[in-house]
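Novice: Got a predicted structure plus its sequence, pasted below:
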Amino acid sequence: MKLLSLNVGLPREVLWHGHTVTTGIFKEPVQGRIKLSRLNLEGDAQADLEVHGGKDKAVYCYQSQHYEFWKRELPRRDLPFGMFGENFTLDGLLEDSIHLGDRFVVGSAEVIITQPRMPCYKLGLKFQSDDMGKRFLASGRTGFYLAVLREGEVEVGDEMKLLGRDEYAVPVSEITRLYITKRYEKKDLASIMRLQNVAALPDGWKQYLLERADQRNG
């Protein structure tokens with residue numbers, strides 16, 4: 001995978017449905033070598049740290065191929081890189097071909113895939129469309145988050161080179177599929193149990209999926 005755009009932004013206040021909302025979803029491309037720390041890129045920050053950011057969501061990645069899909073879905077909208085709030089716009093593998101726990105070197109940093117992106121209402125705010133979050137999730141084009149294992153510097157043009165893979169190798173797309181599935185079958189329950197062994201997947205996700213399996217199959 002290759003870095004096509006590095007995008008950062010600080011939280012700002014915007015008006016949405018008559019309320020002032022603070023959000024960090026607005027990102028702009030930057031040039032040069034940028035410091036990548038354990039929590040974010042230099043010049044970047046999140047507004048609501050309870051649901052955004054933190055060590056398991058230090059970097060949000062979105063693939064450039066998805067932009068082609070959204071240009072067809074939203075033909076009258078300008079879609080510059082960074083539009084989905086991503087830090088890394090990538091030319092590379094899609095969600096069903098990369099895995100939770102995949103480790104990469106990028107620039108002088110080392111990162112690991114932790115989870116897909118689940119959209120909140122702020123994606124609707126960014127697109128000025130209440131149904132954008134639902135459309136985003138239904139598309140399966142979620143992108144994914146990275147944790148930073150070794151801090152370093154990155155810049156546009158850097159390759160993300162695979163260093164290693166979790167032995168359970170669960171695709172990023174599997175989390176999204178389990179999230180939207182209405183009733184679990186045996187294969188789904190087996191997948192949830194497999195996910196419990198993926199070290200990079202945050203504990204909150206593991207517990208959520210176990211509880212959801214109990215609720216839907218009790």
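Specialist: Looks like it came in fine.

Novice: quick one: the helices in the chain?
Specialist: Assigned by DSSP state H, the helices in the chain fall at 64-73, 121-127, 132-139, 172-180, 186-195, 203-217.

Novice: right, so of those, which gets closest to residue 112?
Specialist: Closest approach to residue 112 among the helices of the chain (Cβ to Cβ): helix 172-180, 12.0 Å. In short, each C-beta sits where N, CA and C put it, glycine included.

Novice: So for stretch 68-83, first residue to last residue, what's the gap.
Specialist: 13 Å (Cα to Cα, to the nearest Å).

Novice: From the chain's centre, how far out is it? Work that out for me.
Specialist: Between the centre of stretch 68-83 and the centre of its chain there are 18 Å (Cα atoms, centre = their mean, to the nearest Å).

Novice: contact partners of it?
Specialist: Contact with stretch 68-83 is made by 4-5, 7, 9, 27-29, 64, 67, 89, 126-127, 135, 139, 141, as judged by Cβ atoms under 8 Å, 6 or more residues apart in numbering.

Novice: which of those residues count as buried?
Specialist: 4, 5, 7, 9, 27, 67, 89, 126, 127, 135, 141 (16 or more other Cβ atoms under 10 Å).

Novice: Let me see the confidence value for residue 64.
Specialist: For residue 64, the model assigns a pLDDT of 97.

Novice: which residues does the nearest residue to it once chain neighbours are set aside contact?
Specialist: Sequence neighbours aside, residue 91 is the residue nearest to residue 64 in space, at 5.0 Å (criterion: Cβ to Cβ, 6 or more residues apart in numbering). Applying Cβ under 8 Å, 6+ apart to residue 91 gives the contacts 1, 2, 4, 63, 64, 65.

Novice: Report the two members of the residues you listed separated by the largest distance.
Specialist: 2 and 65 (12.1 Å).

Novice: can you give me the strands for this structure?
Specialist: Taking DSSP state E as the criterion, the chain carries its strands at 2-8, 12-16, 19-23, 28-30, 34-36, 59-63, 88-91, 103-106, 109-116, 144-150, 152-154, 160-164.

Novice: could these go into a markdown table alongside distance to residue 81?
Specialist: Below are the strands of the chain laid out as a markdown table (distance: least, Cβ to Cβ, whole Å):
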| stretch | distance to residue 81 |
| --- | --- |
| strand 2-8 | 4 |
| strand 12-16 | 19 |
| strand 19-23 | 18 |
| strand 28-30 | 6 |
| strand 34-36 | 15 |
| strand 59-63 | 8 |
| strand 88-91 | 4 |
| strand 103-106 | 17 |
| strand 109-116 | 19 |
| strand 144-150 | 16 |
| strand 152-154 | 15 |
| strand 160-164 | 16 |
